[in-house]
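Student: Quick one: sequence and predicted model below, then my questions.
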Amino acid sequence: MVALLTASATGMLFVIAMLAIGWSVYFGPGPSAREGQATVVTLPSGAGVSAIGARLKAAGVIRSTDMFRAAVTLTGADRRLRAGEYEVPSRASLKTVLGLLVDGRVVRHFVTLPEGWSSAQAVDILMRTEVLTGEAPPVPPEGSLWPQTYEVMRGESRASVIRRMQTLGEEKLAALWAQRSPRTVARSPEEAVILASIVEKETGIASERPRVASVFSNRLRTGMRLESDPTIVYGITKGRPLGRGIRLSELRRETPWNTYLVDGLPPTPIANPGEEAIRAVLNPPQTNDLFFVADGTGGHVFARTYEEHLLNVARWRDIERRKAGLPPTAPAPATPETVPTAPGVPVEPPSGQAVITMQAPGTVTPSRPLRPATPANDDIAAAARAGGRGG
């Protein structure tokens with residue numbers, strides 16, 4: 001009897017000791033981080049409890065895989081552990097670690113492709129995102145990426161993010177194309193993206209996109225050239241910022257994208273337009289606007305006739321002079337060897353080609369060839385744009 005009592009007491013003491021150890025391991029402080037104040041550990045999808053415990057032990061965030069498995073079993077968390085990337089604080093208890101995994105408090109990483117950025121710039125963004133892997137992917141076709149913020153996982157390849165951007169772009173474009181208005185001049189989804197990319201680059205004000213879209217739509221209907229400065233820049237840089245004003249020689253340079261020299265749309269988009277720009281092109285408001293120029297507030301003022309547009313240009317030039325502290329009779333400021341321009345303001349036509357201008361709403365007539373624009377004749381070349389965006 002005494003022996004039995006002694007054995008029972010010994011067993012109870014052992015159980016109590018084990019519970020005390022388990023309690024201290026479960027609630028007590030865990031290992032210190034090997035570097036810094038936290039340890040980042042990634043748990044792959046589909047991993048079992050043993051594999052997760054082994055990964056946590058290898059990362060140095062738990063002391064024992066056996067205790068981890070026991071804690072998972074006793075708490076019923078075996079089917080609730082979530083994959084992902086976790087940031088485990090230094091000396092976090094096993095209870096804290098288990099709570100992170102059950103609650104799915106993963107580290108989240110995001111990549112944003114802004115509206116109007118080129119595909120080359122998108123690759124730059126991905127290359128600067130350190131959690132992604134892989135070499136620089138080939139620059140995707142311009143206009144094929146959907147601008148928005150994407151959540152990415154550590155270790156995801158840059159090529160896979162590009163594919164996600166393209167897949168979403170195809171889905172979104174198909175949905176928008178199905179909702180197009182009969183007023184759109186776009187004959188295909190591809191043309192819609194090309195025109196929307198120009199609209200996107202011409203104004204940074206969301207509320208102006210529909211009206212800018214109507215200007216370019218009206219020009220295409222009447223046979224006028226688009227004369228958009230961002231198309232000139234794209235022909236020079238292929239989607240990189242120019243970083244300065246456009247030179248007169250660049251206005252005259254023949255590229256497939258120079259809409260001062262080519263009729264209709266350029267062969268490709270000049271950026272990746274956002275949803276609102278595409279929607280504006282596919283559902284443009286009905287206006288007679290053919291021209292627009294900066295208004296001095298960051299936006300633009302629109303005009304139906306060339307004569308009205310020239311008055312708006314003159315007002316903008318006055319604003320430029322006042323901002324530069326110049327007298328009213330002084331030439332408007334311009335960077336040396338550059339020409340400020342605006343849609344619809346004529347530059348020297350190539351080989352004596354006539355420039356089409358609108359004399360009155362609905363009446364199009366060709367004008368005589370113009371003399372070359374020179375630094376002393378900048379007002380003939382046109383007015384500078386506000387905000388560094390636009391023609």
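Tutor: Alright, I've got the coordinates.
Student: Quick check: which ranges of the chain have low pLDDT?
Tutor: Residue ranges of the chain with pLDDT under 70: 1-25, 332-391.
Student: Now do the spatially closest residue to residue 260 that is not a sequence neighbour against residue 246, distance only.
Tutor: Distance criterion CB to CB, 6 or more residues apart in numbering; nearest residue to residue 260, sequence neighbours excluded, is residue 227 at 5.1 Å. Glycine gets a C-beta too; all of them are placed from N, C-alpha and C. Separation of residue 227 from residue 246 (CB to CB, to the nearest Å): 12 Å.
Student: Can you tell me the centre-most residue of this structure?
Tutor: residue 114 (1.8 Å; CA atoms, centre = their mean).
Student: Check what contacts the helix or strand harbouring residue 211 and list those residues.
Tutor: Using DSSP states H and E, residue 211 sits within helix 209-222. Contacts with helix 209-222, where a contact means CB atoms under 8 Å, 6 or more residues apart in numbering, come from 183-185, 195-196, 198-200, 202-203, 224-226, 228, 264-265, 276-277, 280-281, 283-292, 300, 302, 343, 356, 358, 364.
Student: Can you select the buried ones among the residues you listed for me in PyMOL?
Tutor: Restricted to buried positions by 16 or more other CB atoms under 10 Å, the PyMOL selection for the contacts of helix 209-222 reads:
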select buried, resi 184+185+195+196+198+199+200+202+203+224+225+226+228+265+276+277+280+281+283+284+287+289+290+291+292+300+302+343+356+358
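Student: From the contacts of helix 209-222, which land in helices?
Tutor: Secondary structure from DSSP state H places 195, 196, 198, 199, 200, 202, 276, 277, 280, 281 of the contacts of helix 209-222 in helices.
Student: Looking at these, which is nearest residue 66?
Tutor: Nearest to residue 66, judged by CB to CB, of the ones in helices among the contacts of helix 209-222 is residue 276 at 56.9 Å.
Student: my read: that closest one touches residue 206, true?
Tutor: Yes - with contacts counted by CB atoms under 8 Å, residue 276 reaches residue 206, the gap being 5.9 Å.
Student: Residue 256: which element?
Tutor: Using DSSP H and E, residue 256 falls outside every helix and strand.
Student: In contact with it, which residues are there?
Tutor: Listed by CB under 8 Å, 6+ apart, the contact set of residue 256 reads 235, 262, 266, 267.
Student: ok, back up a step: residue 227 and residue 246: which has the busier surroundings?
Tutor: residue 227 (25 against 22; other CB atoms under 10 Å).
Student: Could you measure from that one over to residue 182?
Tutor: Noted for residue 227: a distance of 26 Å to residue 182, by CB to CB.
Student: Over to residue 89?
Tutor: Residue 89 is 60 Å from residue 182, by CB to CB.
Student: swap in residue 97?
Tutor: 61 Å.
Student: Looking only at neighbour counts, state which of the two leads.
Tutor: More crowded of residue 97 and residue 182, by other CB under 10 Å: residue 97, with 20 against 5.
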